[in-house]
Each structure stands twice: as structure tokens, then as C-alpha cells.
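**Student:** coordinates for the following, if possible.
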Amino acid sequence: MNLAELMIKNIEEYGEYDTLYYEGRWYSNVEMERRSRQVAEGLVELGVRKGDRVATVLGNCPEVLNIFHACFRLGSWAMPVLFTLTGEEIGYVLRDSGAKVVITQKLFWDKVKEAQKAASTVEAVVTVDEPVEGAHFLQEWFKQPPSEFPPVACKEEDVAILMYTSGTTGRPKGVMLSHNNLYTNAMAAAKSQNMEEEEMGISALPLNHSYGIITNI
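**Tutor:** Below you'll find the model as predicted:
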């Protein structure tokens, strides 16, 4: 079971339709699936493989979902990090998790660079909104023609997302959420909301929060 397969099955069953509205433009399910393949290819070029950790220090944007599904497709661990943390706190999370790649935006560049000094495992930093010297630029990946990139085989218990606790009583601790954890929670959330196919919802929660992620799988 690989969560990336859900997007593929969705397209096969329902065809193309608008699925996300952000800053004045619509993104279709077909476009989001294509972008996830393009990000997956970009991550592979950076050396990311199954089981590697890919940290995101980002506000809500379509690229967050593209990155998550790219990680699912690769069998790597998506690792959303709270952007409100200090550089030192982000550094601890990156070091403790063994993150290999960090994807961020210009607003948090200084904190991420500070954090990288404390995390020797980080091999590359990527920005999503503006090119920055010393970082790869994710928008360049979207210019490349996507190839067929089937999801890697995953077991239900394989880790999909690694999230860190708030650390109110000590250092934050990594919590491993499997593909099946996220799938069953997403299905439960969908049933509890009792939404019709034509209805839409607003994502007010940050996509580095567990419930925010579950409702957008």
C-alpha cells in the first residue's frame, strides 16, 4: 500500500477536475499528480531514496502537497517542520531525524541556514518561491517533462510521515505515521464530515499539523 496510489486511482475513477484553489488559480487533480512526479524526479536527482527524510519548512502552498505525494511515491519520509520554530530548534529536529533534504521558502531561509549548521546529514536545501544562492529551486523541476514514475512498493506499516511533538516537557520527539495510519484517519475524517462530491472545504490548519495533513491526503 502506497498513499501515492490514491491520487492515481482518483484520476482513473473520476477523470480530471479542479481540486485545489490557491492565490487566484485552480489546480486540477491531474496537474497535482504530474507535479508530484516532477518533484519526485527532482528529489531522486538529489539522492533521495526510500526511507530518506525530506523536511519541509513551509507555509501552506500547493508545493507542500506536491512534496508529500512525491515522498510517498518514493517511499521516503515526508517531515513537516513547524516554521515558527527558531533556527536552533529546527536544527535539533533536522539533526535528530537525520534529514537529508530541506525544502523551504525565502521567508525562512535564514533560519534554515542556521539550522543546517547543526545538522550534518542535510545534503541539499531547496526553495519553492524564489531562487536563492546556495539552494536548488523547485520551480525548475516543474519545467521538466514528467516521466512515468510509478510509486514504489510499500507495506502498510512503512513510515509515510515523520512529525515532531511540540516538546513542552523536553526536547521534541519524532512520531512515525505509516501509510495505513494516514489512510485510515483520512477515511474516518471524510466519513465524519459527510461531504458530497461537489462540496469544497477551506484548509485553515497548517500543513505541518497532523489534522491539516489528513484532510488534504
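**Student:** pretty sure residue 29 is touching residue 11, no?
**Tutor:** Yes - because the distance of 5.7 Å satisfies C-beta atoms under 8 Å, residue 29 is recorded as touching residue 11. For the C-beta atoms, the positions are set from N, CA and C on the backbone; glycine is no exception.
**Student:** which secondary structure element contains the residue of the chain most remote from its centre?
**Tutor:** Largest separation from the mean C-alpha position in the chain: residue 169, at 27.0 Å (C-alpha atoms, centre = their mean). Remark: residue 169 resides in no helix or strand, with elements defined by DSSP states H and E.
**Student:** where in this protein is pLDDT low?
**Tutor:** The model of the chain has no residue with pLDDT under 70.
**Student:** residue contacts, the most centrally placed residue in the chain?
**Tutor:** Nearest residue to the geometric centre of the chain (C-alpha atoms, centre = their mean): residue 68, 2.6 Å. Counting by C-beta atoms under 8 Å, 6 or more residues apart in numbering, residue 68 makes contact with 78, 161, 207, 213.
**Student:** can you redo those residues as CSV with secondary structure?
**Tutor:** Formatted as CSV, those follow (DSSP: H, G, I helix; E, B strand; the rest coil):
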residue, secondary structure
78, strand
161, strand
207, coil
213, helix
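**Student:** tell me the one among these nearest to residue 105.
**Tutor:** Minimum distance to residue 105 across these is 12.8 Å, recorded for residue 207 (C-beta to C-beta).
**Student:** wait, that closest one touches residue 80, no?
**Tutor:** Yes - counting by C-beta under 8 Å, residue 80 is a contact partner of residue 207 at 6.5 Å.
**Student:** show me the helices in this structure, by range?
**Tutor:** Secondary structure of the chain, counting by DSSP state H: helices at 4-14, 29-45, 62-74, 87-97, 109-116, 138-141, 179-193, 210-214.
**Student:** among these, which comes closest to residue 132?
**Tutor:** Nearest to residue 132, of all those, is helix 109-116, at 5.7 Å by C-beta to C-beta.
**Student:** tell me what that closest one is packed against?
**Tutor:** Applying 3 or more C-beta pairs under 8 Å, 6 or more residues apart in numbering; DSSP states H and E, we find helix 109-116 packed against helix 87-97, strand 101-104, strand 124-127.
**Student:** what residues sit buried inside that helix?
**Tutor:** When burial is assessed from 16 or more other C-beta atoms under 10 Å, helix 109-116 yields the following buried residues: 109, 111, 112, 113, 115, 116.
**Student:** closest to residue 56 out of those residues?
**Tutor:** The nearest member of the buried residues of helix 109-116 to residue 56, counting by C-beta to C-beta, is residue 112 at 10.5 Å.
**Student:** I'd say the closest one and residue 89 touch.
**Tutor:** No - the pair residue 112 / residue 89 is not scored as a contact, 11.8 Å apart, by C-beta under 8 Å.
**Student:** now do the contacts for the residue lying closest to residue 217 once chain neighbours are set aside.
**Tutor:** Of all residues not flanking residue 217 in the chain, residue 186 sits nearest, at 4.4 Å (C-beta to C-beta, 6 or more residues apart in numbering). By C-beta under 8 Å, 6+ apart, the contact list for residue 186 reads 214, 215, 217.
**Student:** what is the burial count for residue 40?
**Tutor:** 27 (other C-beta atoms under 10 Å).
**Student:** same deal with residue 15?
**Tutor:** As a burial measure, residue 15 scores 10 neighbours (other C-beta under 10 Å).
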